[in-house]
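>>> Structural data only, the sequence is not supplied:
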């Protein structure tokens, strides 16, 4: 049976997804020195097929970083999610920390690139923009969570300063650590989240 | 009346202290480009007198940094202070954050130097050693505070990882900000300290 155009399209998309998934593992393992041949081998496809999807290793790497940045920092639906503002904020921060805990090598590479200034400018701008959007989203949830009594009634800018200092410290810790120190665990998200929580006296006043 | 040797000694120490205090203000204002003449003018003494106390600007600057590092990170008596472990820990972290809030320009210069790798090696080693001692002291107070129920009963290493990520993020924020952004306030120490506190459910279990 001849393949339909639709089936071909699905196959192309599946191959592209498999290449990206393999590339993530390969770059995490070998760093930026990984080659297109390494990625094709990991995905169990020919190099020719890999090059039909990505013109160069650089294009593949950039697509991968864009994917990470978008999935990770945009988290576009969190403001429309069900649940209270405090629950959505917990979900957001937990997701961000857990993604790094689950793929430490990949994020280590990512943060090292951000420091090394070897990232292409458009990707650097994307990171800055997403970071800004992420911060706005957190701010909105903090203000809403203060109204529901789930978040401490401190100045929101101070809460954001403390929370983002903590996240920045964790990520830069990842970037500066050598590979062998990556076993040093990230703290649980709920410890970081305590920064934002009302203490028991404030909770009682709210009742 | 002729001065006694003791009075001379007191005068020398007072001049030295005045020079260090003036140097701190001058370096904060002018950066490392400040000269011995600037410091002498600020202290209202002659350059000749300044040079009798410090052989060079570099010696003055290094003495100043050593003073900061020791006062700040050693805090040698905190383990023997009166009060509960939780109170001493609050005092320690609050002191560290407040010193930076009160003299942001000076600490900004200090952290920029640490990043720039222009610090002499012996001072860099002093910073690393004090930082290590500071971390040990915090760890001891955390463990003691868990016994008294003042500190959350999480893994102490996770608590330390979260707290030091937060502090590191605050300091590196100071280092990377331009002078004009220094008005961005550091968060109150009590927000940062909430990382370590038991939540209300844990508190009730402890009663």
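Here it is on my side, so go on. Remember, predicted model here, so these are calculated numbers, not experimental data.

>>> is the strand or helix carrying residue A:97 up against chain B anywhere?
Using DSSP states H and E, residue A:97 maps to helix A:85-102. No. Applying CB under 8 Å from any CB of the partner chain, one finds helix A:85-102 separated from chain B by no less than 10.1 Å. Every residue, glycine included, has its C-beta placed from N, CA and C.

>>> Residues contacting that helix, please?
A:72-73, A:75, A:78-79, A:81, A:83, A:107, A:137-138, A:141-142, A:144-145, A:147-148, A:150-151, A:163, A:167, A:170-171, A:174, A:185-186, A:188-190, A:192-193, A:196 (CB atoms under 8 Å, 6 or more residues apart in numbering or on different chains).

>>> Repeat the analysis, applying 6 Å as the threshold.
Residues outside helix A:85-102 that contact it (CB atoms under 6 Å, 6 or more residues apart in numbering or on different chains): A:72, A:78, A:81, A:107, A:141, A:144, A:145, A:148, A:150, A:186, A:189, A:193.

>>> can you give me phi and psi for the fifth one?
Backbone dihedrals for residue A:141, given as degrees, to the nearest 10, come out at phi -70, psi -30.

>>> State the pLDDT value of it.
With respect to pLDDT, residue A:141 scores 94.

>>> what's the burial count for it?
25 (other CB atoms under 10 Å in any protein chain shown).

>>> Spit out the contact partners of it.
A:85, A:88, A:89.

>>> Find the nearest non-adjacent residue to it, please.
residue A:89 (4.2 Å; CB to CB, 6 or more residues apart in numbering or on different chains).

>>> Then the third one?
Spatial nearest neighbour of residue A:81, excluding adjacent residues (CB to CB, 6+ apart): residue A:88 at 5.2 Å.

>>> Return the per-residue confidence for residue A:16.
So residue A:16 comes in at 93 (pLDDT).

>>> Quickly find the element holding it.
helix A:5-30.

>>> Show me what that helix is packed against.
Applying 3 or more CB pairs under 6 Å, 6 or more residues apart in numbering or on different chains; DSSP states H and E, we find helix A:5-30 packed against helix A:36-43, helix A:47-53, helix A:57-69, helix A:104-116.

>>> Could you give me the buried positions within the shortest one?
It refers to helix A:47-53. By 16 or more other CB atoms under 10 Å in any protein chain shown, the buried positions in helix A:47-53 come out as A:50, A:53.

>>> Likewise for stretch A:163-180?
Buried-residue list, stretch A:163-180, by 16+ other CB under 10 Å: A:163-175, A:177.

>>> Pick out the lowest-pLDDT one from those residues.
Among these, pLDDT bottoms out at residue A:177, giving 60.

>>> per-residue confidence for the closest residue to residue A:162 other than its chain neighbours?
Nearest residue to residue A:162 in three dimensions, chain neighbours excluded: residue B:187, at 4.0 Å (CB to CB, 6+ apart). Residue B:187 carries a pLDDT value of 89.

>>> Which of the three states applies to residue B:187?
coil (DSSP: H, G, I helix; E, B strand; the rest coil).

>>> ok, now which ones touch it?
A:158, A:161, A:162.

>>> For those, give me JSON lines that also has pLDDT.
Output for the contacts of residue B:187, formatted as JSON lines (pLDDT from 0 to 100):
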{"residue": "A:158", "pLDDT": "92"}
{"residue": "A:161", "pLDDT": "91"}
{"residue": "A:162", "pLDDT": "93"}
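
>>> What about the residues you listed, which are in helices?
Filtering those for membership in helices, criterion DSSP state H, returns A:158, A:161, A:162.

>>> Of these, which is the most crowded?
That'd be residue A:162 among the ones in helices among the contacts of residue B:187, by other CB under 10 Å, with 26 neighbours.

>>> Tell me how far it lies from residue B:55.
43 Å (CB to CB, to the nearest Å).

>>> chain center to the helix or strand encompassing residue A:174, what's the gap?
Using DSSP H and E, residue A:174 falls within helix A:156-176. Centre-to-centre, helix A:156-176 and its host chain are 14 Å apart (CA atoms, centre = their mean, to the nearest Å).

>>> following that helix, which helix or strand shows up next?
helix A:189-193.

>>> any residue of that next one up close to chain B?
Yes. Using CB under 6 Å from any CB of the partner chain, we find that helix A:189-193 touches chain B at A:191, A:192.

>>> Could you list the residues in contact with that helix?
A:90, A:93, A:94, A:97, A:166, B:154, B:158, B:162.

>>> Quick check: the gap between the second one and chain B.
Same thing as residue A:93. Separation of residue A:93 from chain B (CB to the nearest CB, to the nearest Å): 12 Å.

>>> what about that residue, how many neighbours?
21.

>>> sorry, back to before: make a markdown table from the contacts of helix A:189-193 and add distance to residue B:12 to it.
Output for the contacts of helix A:189-193, formatted as a markdown table (distance: CB to CB, whole Å):
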| residue | distance to residue B:12 |
| --- | --- |
| A:90 | 59 |
| A:93 | 55 |
| A:94 | 59 |
| A:97 | 55 |
| A:166 | 46 |
| B:154 | 51 |
| B:158 | 50 |
| B:162 | 46 |
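
>>> Show me which residues of chain A are close to chain B?
Counting by CB under 6 Å from any CB, chain A sits next to chain B at A:154, A:158, A:161-162, A:165-166, A:168-170, A:187, A:191-192, A:194-195, A:200, A:203.

>>> before we move on, back to that, distance between the helix holding residue A:16 and the chain's centre?
The mean C-alpha position of helix A:5-30 is separated from the chain mean by 19 Å, CA atoms, centre = their mean.

>>> and the angle for that helix with helix A:36-43?
110 degrees (axes from the mean of the first three to the mean of the last three CA atoms, to 10 degrees).

>>> which stretches of chain A have low pLDDT?
Scanning chain A for pLDDT under 70 picks out the ranges A:1-3, A:70-76, A:116-118, A:176-184, A:200-201, A:203-207.

>>> can you list the domains in it?
A:1-55, A:64-206 (automatic domain parsing).
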